[in-house]
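>>> Using only what follows, build the 3D model:
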Amino acid sequence: MSNILDVVIIGAGPIGLACGIEAEKNNLSYQILEKGCLVNSLYNYPMNMTFFSTSDKLEIGGVPFISHNNKPTRAEALEYYRRVTTSWDLNVNLYEGVKEVKRNEFFEVITEKASYKAKHLVIATGFYDLPFLLNVPGESLPKVKHYYDEPHPYFGQKVIVVGAANSAVDVALETYRKGAEVTMVVREPEINPRVKYWVRPDIENRIKESSIKAYFDSSITEIRETEVDIKTPRGPLTLANDFVLAMTGYQPNFSFLQSLGITIGKDEMQTPIHNPETMETNIEGIYLAGVICGGLQTNKWFIENSRVHAEVIIKKISKNA
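Next comes the predicted model:
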């Protein structure tokens with residue numbers, strides 16, 4: 001029995017780390033597994049990104065998060081969660097993706113490097129690893145990006161930004177201001193109403209003055225090395241193009257959840273079935289933590305309001321340990 005862990009935590013984002021901290025506090029044996037780098041989703045955020053929240057709302061484990069400004073940057077967050085991990089000496093294995101989970105008397109978690117047995121599983125994988133694809137010819141070309149890094153590479157380039165929510169609007173404005181020739185291709189008839197209220201007038205004015213071109217009720221039909229075909233209400237168009245930045249959003253790994261036997265709700269947001277009081281799914285011993293609990297409703301859970309999931313889950317596990 002000594003080699004059977006109390007819990008395996010899949011995902012080393014802030015909420016996965018918070019679960020590890022609670023396991024430490026409760027003297028539970030645990031292992032955190034992460035297929036990428038530490039807080040991999042945050043690492044994939046734009047380099048110059050600033051959080052909406054103040055630093056105190058991003059804190060976990062009682063480790064103070066001090067930032068230079070009222071709202072912390074991506075770089076400060078990465079530094080902070082590295083410090084949390086070392087301060088608590090958390091058991092984290094990075095670059096060790098989970099390939100399969102078997103259920104016998106215990107859970108057997110098989111990774112690319114090893115296997116682990118555990119009494120309980122916590123899934124804290126977020127949603128940022130799987131972008132919604134355009135599903136058009138040419139999407140696999142190197143010029144197509146589903147993650148935005150920084151504006152410099154796009155200086156002097158013809159850039160198409162796909163989407164009209166916060167990420168797309170931020171990318172369009174930032175690349176435009178750093179010297180890109182920006183065109184937006186938007187499926188909807190207007191900029192998303194949920195775009196930050198202080199940014200929406202900016203993008204609308206840039207479109208109105210034609211500094212940024214925009215095609216609404218439109219979609220990409222094919223991508224080539226130097227051109228992109230789009231379908232518009234006025235008919236098909238071919239645009240000269242150097243880069244396509246597809247800011248189309250991201251989704252949880254539903255197929256992984258289903259492989260574990262977790263039921264995905266039939267509601268529009270495909271919410272994974274779980275008990276909100278304990279975060280336990282329909283499979284006994286498997287828990288959900290963080291943004292993945294909302295399914296496609298990725299704006300429901302954030303670091304600041306899902307930190308409590310860690311306490312709730314580990315409290316339940318401790319009773320069963």
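
>>> Could you tell me the phi and psi values at Glu112?
Glu112 adopts backbone torsions of phi -70, psi -20, taken as degrees, to the nearest 10.

>>> Check whether it really touches Lys99, as I assumed.
Yes. Judged on Cβ atoms under 8 Å, Glu112 makes contact with Lys99 at a distance of 6.2 Å. C-beta coordinates here come from the backbone N, C-alpha and C atoms, glycine included.

>>> The longest strand seen in the chain pairs with which strands?
Longest among the strand segments of the chain by residue count, using DSSP state E, is strand 115-123. Paired strands of strand 115-123, with direction, are strand 4-10 (parallel), strand 107-111 (antiparallel), strand 286-288 (parallel) (DSSP bridges).

>>> so what's the nearest residue to Cys37 once chain neighbours are set aside up against?
Taking Cβ to Cβ, 6 or more residues apart in numbering as the measure, Cys37 lies nearest to Tyr43, with 5.4 Å between them; neighbours along the chain are not counted. Going by Cβ atoms under 8 Å, 6 or more residues apart in numbering, Tyr43 touches 36-37, 78.

>>> What helices and strands are in contact with whatever helix or strand Thr238 lives in?
Using DSSP states H and E, Thr238 falls within strand 235-240. If you count contacts as 3 or more Cβ pairs under 8 Å, 6 or more residues apart in numbering; DSSP states H and E, strand 235-240 packs onto strand 158-162, strand 227-232.

>>> contacting residues around it?
Looking at strand 235-240 with Cβ under 8 Å, 6+ apart, the contacting residues turn out to be 158, 160, 183, 215, 221, 226-230.

>>> pLDDT (mean, whole number) over the longest strand of the chain?
When the per-residue pLDDT values of strand 115-123 are averaged, the result is 97.

>>> One more: stretch 155-163?
Here stretch 155-163 scores 98 as its mean pLDDT.

>>> And the contacts of it?
Outside stretch 155-163, the residues that reach it (Cβ under 8 Å, 6+ apart) are 134, 168, 171-172, 175, 178-186, 220, 228, 239-249.

>>> If we use 7 Å, what do you get?
Contact partners of stretch 155-163, identified using Cβ atoms under 7 Å, 6 or more residues apart in numbering, comprise 134, 168, 171-172, 175, 178-186, 220, 228, 239-248.

>>> quick one: which of these sit in helices?
With helices identified by DSSP state H, the entries of the contacts of stretch 155-163 that belong to them are 168, 171-172, 175.

>>> Can I get those in CSV including pLDDT and distance to Asp6?
Converted to CSV, the ones in helices among the contacts of stretch 155-163 look like this (pLDDT from 0 to 100; distance: Cβ to Cβ, whole Å):
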residue, pLDDT, distance to Asp6
Ala168, 95, 43
Val171, 96, 43
Ala172, 97, 47
Thr175, 97, 47
